[in-house]
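Participant: Predicted model and sequence follow; I will ask about them next.
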Amino acid sequence: MRILLVMDVFDLKITTGTVANATETFHSDIGIKDCLITAIGKNIGEAKRVIDATGKFVLPGGIEAHCHIEQESSGGIMTSDDYYSGSVSAAFGGNTCLIPFAAQHRGQKLHDVLALYHSRAKPKSVIDYSFHLIISDPTDEVINEELPKIIEQGITSFKIYMTYDKLIVDDQQMLNILAAAKKLGALTMIHAENNAMINWMSEKLIDSSHQEPKYHALSHPRTAESEAINRAIALSSFIDTPILIVHVSTEAGARIIAKARYDGQKVFGETCPQYMFLNAQTMDLPDMQGAQFCCSPPLRDRASQEEIWRCLQNGTFQVYSSDHAPYRFDETGKLHAGKKPPFTKIANGLPGIETRLPLLFSEGYIKKRITLNHFVALAATNVSRIYGLDHRKGSITEGKDADIAIWDPEVKKIIKAEDLHDNMEFTPYEGMQITGWPETVIQRGKIVIEENALKVERGNGEFIHRKKIDCTGMPGRLAPELDTNENFGTKIDI
């Protein structure tokens, strides 16, 4: 903690607002100097500029931890947002940091992948950023030579797929990746769906001439998710390394995660707005309009929506992300395979980076489903801890980056695609009325959004070097077969 001298003058001071972190709510002024929060309290001193936050909530800037920005899909389709439009949209939605994916496709070297994504992000992003690495080609060179170097560069999480023919890793490859993650101090994110089950169902539906967009939901059975989650947890628990199951959409999948955590296994859960605010009936629309709602895992029924809400409320899900994967409703995106493609050839993904937090604030906090502190935890704090950002971000604390969003809890808005800032012509949340919106967004002490206008230039954001994953205090143990204390003293190098 730095003690300010009487003659010190803050660069910026926020006064008379209600300040909230994940564990407390209080009334205080906040002093910002040299990009950092340097004072929290009353009568803290003078400032070059003062923001009066009377009647407003002063919250940590959101951290969007799951989004696909300027990324090619395994089928070669580029998302519609580059790092400028994607980061601008994130900022207008109350975020001050994002962690998109740097996707390795088969045959690529990891250092080439990262060089590419750094070249895309650095000159364009208006807010701070890091990357998760997608690993689709876990060769010995990747595992033993490239991954250690990548993690030392501050990229301490990576994602693997249990589905998609061009991305899938098999169980043995998963074990190799999980073992490397344990050794190197990284977190493995897992897209958990049973690929064979999805392919089998898709073939049955197409062979029966059921190819409209709505059948996409049927082609991804709930059991495909729950089986894969169960298998992923079994594999990671065998090695005793932490995993995060992304975009959980089903009651069964959520309950498997809850039980695993109760049993002392190192597993985190994530869900997304589409599984809380949308359902599969939305996909039954004429003229291919249902294609706008195709994502994986797919939208489920209303009962599943209620269960996902309960699991968010009770802590089964520690992470709430948009899974922003924007594909326009034209030949560059959703309909890249033709005007009336079968559901198997529709680009998968929904936009939502700007609406993620306003939806949760309105439908969660305002409607008293969650507390304001729980909202902050889901918006920023949990992500900062899980992904190694908490040395700089995730709370309003002296010494941390001055990343702050000032929310008006009374403003009412109707979500319209034309008012959002991503490079999309539609939003799946069109017409929803919400209460509350971030009116001012501050990044490292610099105002990014004010009076519904962008106040910074391209390249304002910085790459954030993340810490390794700290498993101190987390339960779990190696499988007896790998434990030298129980396997006759046999040392097995994992």
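Facilitator: Cool, got the structure.
Participant: What about residue 238, how many residues nearby?
Facilitator: By other CB atoms under 10 Å, the residues close to residue 238 number 16. Quick note: C-beta positions are derived from backbone N, CA and C, even for glycine.
Participant: Now do the SS call for it.
Facilitator: Under DSSP: H, G, I helix; E, B strand; the rest coil, the three-state class of residue 238 is helix.
Participant: Would you check that it makes contact with residue 482?
Facilitator: Yes. With contacts counted by CB atoms under 8 Å, residue 238 reaches residue 482, the gap being 7.4 Å.
Participant: Tell me which stretches of the stretch 101-250 of the chain form strands.
Facilitator: Ranges of strands in the stretch 101-250 of the chain, per DSSP state E, counting those that start in this stretch, are 128-129, 132-134, 157-161, 187-191, 243-245.
Participant: by contact count, what packs against the last one?
Facilitator: With contacts defined as 3 or more CB pairs under 8 Å, 6 or more residues apart in numbering; DSSP states H and E, strand 243-245 has these neighbours: strand 187-191, helix 222-239, strand 267-271.
Participant: Name the residues of the second one that come out as buried.
Facilitator: Within helix 222-239, the residues that count as buried by 16 or more other CB atoms under 10 Å are 222, 224-233, 235-239.
Participant: what angle separates that helix from strand 267-271?
Facilitator: 150 degrees (axes from the mean of the first three to the mean of the last three CA atoms, to 10 degrees).
Participant: Where does pLDDT dip in this structure?
Facilitator: For the chain, applying pLDDT under 70 flags the ranges 1-7.
Participant: try 80 this time
Facilitator: Applying pLDDT under 80 to the chain flags the ranges 1-8, 483, 486-489, 491-493.
Participant: just the helices in it please.
Facilitator: Taking DSSP state H as the criterion, the chain contains helices spanning 83-92, 110-121, 140-141, 147-152, 171-184, 195-207, 215-219, 222-239, 251-262, 274-277, 302-313, 356-360, 372-376, 382-386.
Participant: Can you list the buried residues in the fifth one?
Facilitator: For helix 171-184, a neighbour-count test (16+ other CB under 10 Å) marks 173, 174, 175, 176, 177, 178, 179, 180, 181, 182, 183, 184 as buried.
Participant: Serialize these to CSV and add fields for distance to residue 144.
Facilitator: Listed next are the buried residues of helix 171-184 as CSV, based on distance: CB to CB, whole Å:
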residue, distance to residue 144
173, 14
174, 16
175, 14
176, 9
177, 12
178, 14
179, 11
180, 8
181, 13
182, 14
183, 10
184, 11
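Participant: Surely residue 15 touches residue 49?
Facilitator: No. Look at residue 15 against residue 49 with CB under 8 Å: they stay out of range, at 11.0 Å.
Participant: who's in contact with the closest residue to residue 299 other than its chain neighbours?
Facilitator: Counting by CB to CB, 6 or more residues apart in numbering, residue 280 is the residue found nearest to residue 299 once chain neighbours are left out, at 4.5 Å. Residue 280 makes contact with 214, 217, 298, 299, 300, 301 under the criterion CB atoms under 8 Å, 6 or more residues apart in numbering.
Participant: Would you confirm that the third one contacts residue 216?
Facilitator: Looking back up the chat, that one is residue 298. Yes. With contact defined as CB under 8 Å, residue 298 counts as touching residue 216 (5.6 Å).
Participant: what is in contact with these two at once?
Facilitator: Common neighbours of residue 298 and residue 216 (CB under 8 Å, 6+ apart) are residue 283.
Participant: which ones are touching residue 65?
Facilitator: For residue 65, the residues meeting the contact criterion (CB under 8 Å, 6+ apart) are 98, 99, 270, 319, 321, 383, 387.
Participant: From those, list just the buried residues.
Facilitator: 98, 99, 270, 319, 321, 383, 387.
Participant: In these, find the pair that's most separated.
Facilitator: Within those, 98 and 270 form the most distant pair, 14.9 Å apart (CB to CB).
Participant: still on that earlier bit, CSV for the contacts of residue 65, including distance to residue 24?
Facilitator: Shown next, in CSV, are those (distance: CB to CB, whole Å):
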residue, distance to residue 24
98, 26
99, 26
270, 25
319, 21
321, 24
383, 19
387, 22
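Participant: Restricted to strands, list those residues.
Facilitator: The strands, defined by DSSP state E, take in 98, 99, 270, 319 from the contacts of residue 65.
Participant: Would you agree the last one is in contact with residue 386?
Facilitator: Read it as residue 319. Yes. Residue 319 is within contact range of residue 386, at 6.6 Å (criterion: CB under 8 Å).
Participant: shared neighbours of the two, which are they?
Facilitator: Shared contacts of residue 319 and residue 386, defined by CB under 8 Å, 6+ apart, comprise 244, 268.
Participant: The residue nearest to residue 104 when sequence neighbours are not counted: how many residues sit nearby?
Facilitator: Nearest residue to residue 104, sequence neighbours excluded (CB to CB, 6+ apart): residue 113, at 4.9 Å. When neighbours are defined as other CB under 10 Å, residue 113 has 21 of them.
Participant: measure residue 113 to residue 106 for me?
Facilitator: 12 Å (CB to CB, to the nearest Å).
Participant: do residue 362 as well
Facilitator: Counting by CB to CB, the gap from residue 362 to residue 106 is 42 Å.
Participant: Repeat that for residue 99.
Facilitator: Distance of residue 99 to residue 106, computed by CB to CB: 23 Å.
Participant: before we move on, back to that, tell me the one among the buried ones among the contacts of residue 65 nearest to residue 430.
Facilitator: Nearest to residue 430 among the buried ones among the contacts of residue 65, counting by CB to CB, is residue 321 at 20.8 Å.
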